[in-house]
Every structure is written in C-alpha cells, then in structure tokens.
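J.: Sequence and predicted structure are below.
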Amino acid sequence: MQNTVRKPKLLSTKTIAKVGILSAIAYVLMFISVPLPIFPSFLKIDLSDIPAIFGGMSLGPMAGLAIVIIKNFLQGITATTTGGVGEFANIVIGGSYVLIICFFYKKLKNTNGVIIGGLLGIVTMTIMGCIMNYYIMMPLYATVYGMPLDAIIQMGTVLNPKVTDLFTFVIWMIAPFNILKALIMTIVTLPLFKKVEKVLTK
C-alpha cells in the first residue's frame, strides 16, 4: 500500500484559514519597514512577503500570490500612505518574486528549488520593478502626490550623481533596491522553509 501525500486544495476551508492567518501576519509586517540611506525615503525594506513565500511553498504558488494581494488590499483600505500606488506596485513586483520562488520550490521540493527559485525571482522582480516603475509607478506616483517627476529624480541625484533622468533613476535606484530586497527575502527563507512548511501542511 503506497503512502500518498494529500495536496492542499486552494479553496479548502483549512487552506483559506491558513491564507487568512498568513495574510494578517504579512499585513502587520508591512508596518515594520526600514528606509536605507542609499535609497530615496519612499523606498523601504520590509519582510511582509515572507509569509506569502511560506504560504506559497506549502499551499501552492497561487496561495502565495493570494496572500500578497490580500495584505496589500488591507493596507490599501486602512493605512496607505501612497494613495494605493505602493500597494499596487507591491502586488505586481513582490507577487512576481513570490510566484517564481514558490513555483520552483514546488517543482523540486528541496533547497535547490529555493535557491534556483530565489535567484530567478531576484531577476524577475528586478525586471518587473524597472518596467513597472518606468512606465507606470513613477508617473502615477507623481500624479497622486502632485510631485513633478523632476523632483523625484532629484531625490535620486542627491544620492547618486549618475541619476539624471527617469531611466537612470530606475537603473540606479529601483533596480538595486529590488535586488537587495529580493536577496534578503531569499536569505531569510533558506534556513526556515522546511520547518514552516511542516507546520503549515499539518
């Protein structure tokens, strides 16, 4: 008689409950963010996507994405400081990282899956961050706050003289920020994913 591992159904009661709990934890973690002096003040490092990563590893990549969406929805209706711009960016950019790392982990089910998924997630998150910020987020941020793009670019120029326009702002500010954030999330995930998965799949 073969032992079978029951995969959690995305819409089962237990899965929905776990997604809800992890979303609440992620929502709380969004309030714990750290600005870094090498980036403009509105770019802050937080670990709120970590619960989504663990949820996606144990319950499936789409559950991880659901956690990203829910925690940003909660933030958007209760405590947004960006008029929803930051929350939308987090869903698209952070969500892309969560999907990639969880997908490769579910395929390989080992540390290599986390490492490969994390590295590809870093690349994906960085590319998505650059594209989204150049074409959508920065212009939208300027519209919501009424702050000219030149003023935002100037914030980058003060930190790095290589920043002279929106394109160089994205290259020298947005790209390094997303690389650093994704790298930190990968490093935090590596020693913990097995322990957390065992808890969540019980």
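T.: Thanks, I have the structure now.

J.: Please count neighbours and contacts with C-alpha atoms only from this point.
T.: Fine.

J.: the strands in this protein, which residues?
T.: Assigned strands in the chain, in chain order: 34-35, 44-45 (criterion: DSSP state E).

J.: Format these as a markdown table; extra columns: mean pLDDT, mean neighbour count and distance to Ile171.
T.: Below are these laid out as a markdown table (pLDDT from 0 to 100; neighbours: other Cα atoms under 10 Å; distance: least, Cα to Cα, whole Å):
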| stretch | mean pLDDT | mean neighbour count | distance to Ile171 |
| --- | --- | --- | --- |
| strand 34-35 | 92 | 12 | 19 |
| strand 44-45 | 92 | 16 | 17 |
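
J.: pLDDT weak spots in this structure?
T.: Scanning the chain for pLDDT under 70 picks out 1-11, 200-202.

J.: Using CSV, write out every CA atom in the longest helix along the chain.
T.: Taking DSSP state H as the criterion, the chain has its longest helix at helix 111-132. Provided in CSV are the C-alpha atoms of helix 111-132 (Å, rounded to 0.1, in the frame of the first residue of the first chain):
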residue,chain,number,x,y,z
THR,A,111,16.9,23.5,-1.1
ASN,A,112,18.0,23.7,-4.7
GLY,A,113,14.4,24.7,-5.6
VAL,A,114,14.6,27.5,-3.1
ILE,A,115,18.0,28.7,-4.4
ILE,A,116,17.1,28.5,-8.1
GLY,A,117,13.7,30.0,-7.5
GLY,A,118,15.2,32.7,-5.3
LEU,A,119,17.8,33.7,-7.9
LEU,A,120,15.3,33.7,-10.8
GLY,A,121,12.9,35.5,-8.5
ILE,A,122,15.5,38.2,-7.9
VAL,A,123,15.9,38.6,-11.7
THR,A,124,12.2,38.6,-12.3
MET,A,125,11.5,41.1,-9.5
THR,A,126,14.2,43.4,-10.7
ILE,A,127,13.0,43.4,-14.3
MET,A,128,9.3,43.8,-13.2
GLY,A,129,10.3,46.6,-10.9
CYS,A,130,12.2,48.5,-13.6
ILE,A,131,9.4,48.2,-16.2
MET,A,132,6.6,49.0,-13.8
